[in-house]
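Engineer: Fold the following, please.
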Amino acid sequence: MMIIVAIASLAMIAYVLFYLYFIEIAFVQGGKPEIILQVGIVSWSLLSVVMTITRANGYLFKAKDFELLMTLPVKPQAIIASKLVNLLIVNYLIIFYTYVPALIIYTIFNPTGFLFWVLAIVAILFIPLLSVALCGFIAYFIGMIPIKRKFKNLATIIFSLVFVSAVMLGSMGAEVIETDPQGFTDSVVNILNKASFLAPFAFSGIRGNIGHFLIFVVISVIPFLGFIWLVGRNYHKTNTTTISGDVVKDFKLGEIKAVGQTKAILNKEIKKYFGTPMYLLNTSSGPLLSLIILILMIINTDEIVNAGGEMNNQVFTLIIIGILTFMVSLTSTTSCSLSLEGKNFWIIKSAPIPAKTIFMGKILVNIIVTIPIIIIDTIVVAIFLKFNLFNIMMIALIPSLFAISISFLGLYANLLIPRFDYDQEIKAIKQSISVLVTMAFSFIITILLVGAILLGLVVLKNISLAYLFVTLLAVIITAISYILISTHGVKLYDKLNC
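Structural biologist: Numbers count the residues shown, from 1 in each chain. Sure thing, here's the model as predicted:
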């Protein structure tokens, strides 16, 4: 596991370095090579918000260890401080994918001195403090509202999705780098200044403005300490209110309707999916990003579609199919759905329900998440790109088939490498080997897709026949995945113990 994580981390860092170097070239041409440092600061701050907002409410105010902690001779402020340190550790790990690569690129194109490195290292301690404090305040006020848990989760989910969508649109909507480096640089500076009001002070302070650096430190520390003080004073009340919000009041016994086993499992899985903000956010980001990328491509690449006639339309169709297939298969709900049963796995395991029925309920959730987005993507293409009916059908059919196959493969990976020994659900969602294996399946499927289409073009000399060939390949992969989960998957399930 450690080797896989290390390789994936190094690959991600290398990709970020390459991407930032490419961006820095534009900044140099735009006359502002120093801006790359602010990019690293802002990206770290924004990622800290995303990483914290989805964890803070459940970790700080709905923790399973609340009753145990209340019996210990420890002040509430100390409990909150220790939990915040845990949140900060996760945020400090993001430094290797944002701030450190930006520093490396900055030193290549800008002069640095001893004072710069001292301030740059000291700033590491303070940059995520404000993000963690603000997200903590949001989680605190949500926790103080005496409403049912599902509505609190809904508020967290909506906020997170809106925030992630805004970041995606903001980061992908700037002017084209190659055509207007100066305009691109000015646009990025404008976005950075709006994205984080504290980042300009950190940026200026690290580059030698001691006054701005002190302002940055004070603004970072005061809200953080204020949050510890406020929540420490109301820690017991906040947790009690949060727990009481989950209690059903005025319960009335009504008519109980019997449903089939598959529908019962599906209802259970859907409630689990929409009741876990990080689960929903992590698995819906791929399909959501596919729609955002498609919209941006339509806005900025009309000339690609119309410049060269039918062949360019066919090539653009291939690009869209590849993007949709990769994005919808990148994150699968099934890759960790079995692990999320946790210590309660024995309940579903001991129930008189066939393994295939349980599998189908979990697989249908991923299909419900991905297929509607593919349909929306297809409708957008049909309205704005004016492709012929055959191309539109391929855009809908091929990604849908691969989305179904990755649903089977994700569950199979989770059966092979389940994880039930976690203390927080986030570890099963983001730190399971089965999730990494499913992502590897996604890469392989996308490579097979592109390779099959290119092979079909070379051999068949016809793009339409090539698409039909890929469709047949997708059907075969889906059938093999189904057979695999229905045979060996059932055997793996029967051997599992939590």
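Engineer: Would you mark the buried spots in stretch 415-433?
Structural biologist: Buried residues in stretch 415-433, counting neighbours by 16 or more other Cβ atoms under 10 Å, are found at 415, 418-420, 422, 425-426, 428-429, 432-433. Any C-beta I mention is one placed from the backbone N, CA and C, and that applies to glycine too.
Engineer: How about stretch 466-474?
Structural biologist: Buried residues in stretch 466-474 (16+ other Cβ under 10 Å): 466-467, 469-471, 473-474.
Engineer: Quick check: the farthest pair among the buried residues of stretch 415-433?
Structural biologist: Set against one another by Cβ to Cβ, these have their most distant pair in Leu415 and Ile426, with a gap of 21.2 Å.
Engineer: any chance of the buried residues of stretch 415-433 in TSV, plus distance to Ala123, secondary structure and pLDDT?
Structural biologist: Rendered in TSV, the data for these read as follows (distance: Cβ to Cβ, whole Å; DSSP: H, G, I helix; E, B strand; the rest coil; pLDDT from 0 to 100):
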residue	distance to Ala123	secondary structure	pLDDT
Leu415	45	helix	92
Pro418	41	coil	88
Arg419	36	coil	85
Phe420	40	coil	83
Tyr422	33	coil	76
Glu425	32	helix	76
Ile426	27	helix	72
Ala428	33	helix	80
Ile429	30	helix	81
Ser432	33	coil	80
Ile433	34	helix	84
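Engineer: between those, which is nearest Lys75?
Structural biologist: Comparing these against Lys75 with Cβ to Cβ places Ile426 closest, at 26.5 Å.
Engineer: okay, now the residue lying closest to that closest one once chain neighbours are set aside: neighbour count?
Structural biologist: The spatially closest residue to Ile426, leaving aside those adjacent along the chain, is Met278, at 5.4 Å (Cβ to Cβ, 6 or more residues apart in numbering). Using other Cβ atoms under 10 Å, Met278 has 21 other residues around it.
Engineer: Tell me where the longest helix sits in the chain.
Structural biologist: Longest helix in the chain, counting residues (DSSP state H): helix 210-244.
Engineer: So which residue is dead centre in the chain?
Structural biologist: With distances taken as Cα atoms, centre = their mean, the residue of the chain nearest its centroid is Asn282 (3.9 Å).
Engineer: Could I get the pLDDT score of that one?
Structural biologist: What the model reports as pLDDT for Asn282 is 77.
Engineer: can you pull the contacts of it?
Structural biologist: If a contact means Cβ atoms under 8 Å, 6 or more residues apart in numbering, then Asn282 has 331, 429-430 as its contacts.
Engineer: Which helix or strand contains it?
Structural biologist: Remark: Asn282 resides in helix 277-300, with elements defined by DSSP states H and E.
Engineer: for that helix, the distance to its chain's centre please.
Structural biologist: Once both centres are worked out by Cα atoms, centre = their mean, to the nearest Å, helix 277-300 turns out to sit 10 Å from its chain's centre.
Engineer: Dump that helix to PDB, restricted to CA.
Structural biologist: This file holds the C-alpha atoms of helix 277-300, laid out as PDB (Å, rounded to 0.1, in the frame of the first residue of the first chain):
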ATOM      1  CA  PRO A 277     -21.200  14.700   2.700                       C
ATOM      2  CA  MET A 278     -17.600  13.500   2.000                       C
ATOM      3  CA  TYR A 279     -18.800  10.300   0.300                       C
ATOM      4  CA  LEU A 280     -21.100  12.300  -1.900                       C
ATOM      5  CA  LEU A 281     -18.600  15.100  -2.700                       C
ATOM      6  CA  ASN A 282     -15.700  12.700  -3.400                       C
ATOM      7  CA  THR A 283     -17.700  10.500  -5.800                       C
ATOM      8  CA  SER A 284     -19.800  13.200  -7.500                       C
ATOM      9  CA  SER A 285     -16.800  15.400  -8.300                       C
ATOM     10  CA  GLY A 286     -15.800  13.400 -11.400                       C
ATOM     11  CA  PRO A 287     -19.300  13.600 -13.100                       C
ATOM     12  CA  LEU A 288     -19.700  17.200 -12.000                       C
ATOM     13  CA  LEU A 289     -16.300  18.100 -13.500                       C
ATOM     14  CA  SER A 290     -17.200  16.400 -16.800                       C
ATOM     15  CA  LEU A 291     -20.200  18.800 -17.200                       C
ATOM     16  CA  ILE A 292     -18.100  21.800 -16.300                       C
ATOM     17  CA  ILE A 293     -15.300  20.800 -18.700                       C
ATOM     18  CA  LEU A 294     -17.800  20.200 -21.500                       C
ATOM     19  CA  ILE A 295     -19.400  23.600 -21.000                       C
ATOM     20  CA  LEU A 296     -16.100  25.400 -21.000                       C
ATOM     21  CA  MET A 297     -15.100  23.500 -24.200                       C
ATOM     22  CA  ILE A 298     -18.300  24.600 -25.900                       C
ATOM     23  CA  ILE A 299     -17.700  28.200 -24.900                       C
ATOM     24  CA  ASN A 300     -14.000  28.300 -26.000                       C
END
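Engineer: can you put the buried residues of stretch 415-433 in JSON lines and add distance to Ala355?
Structural biologist: Rendered in JSON lines, the data for these read as follows (distance: Cβ to Cβ, whole Å):
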{"residue": "Leu415", "distance to Ala355": "9"}
{"residue": "Pro418", "distance to Ala355": "14"}
{"residue": "Arg419", "distance to Ala355": "19"}
{"residue": "Phe420", "distance to Ala355": "17"}
{"residue": "Tyr422", "distance to Ala355": "23"}
{"residue": "Glu425", "distance to Ala355": "23"}
{"residue": "Ile426", "distance to Ala355": "27"}
{"residue": "Ala428", "distance to Ala355": "20"}
{"residue": "Ile429", "distance to Ala355": "23"}
{"residue": "Ser432", "distance to Ala355": "20"}
{"residue": "Ile433", "distance to Ala355": "21"}
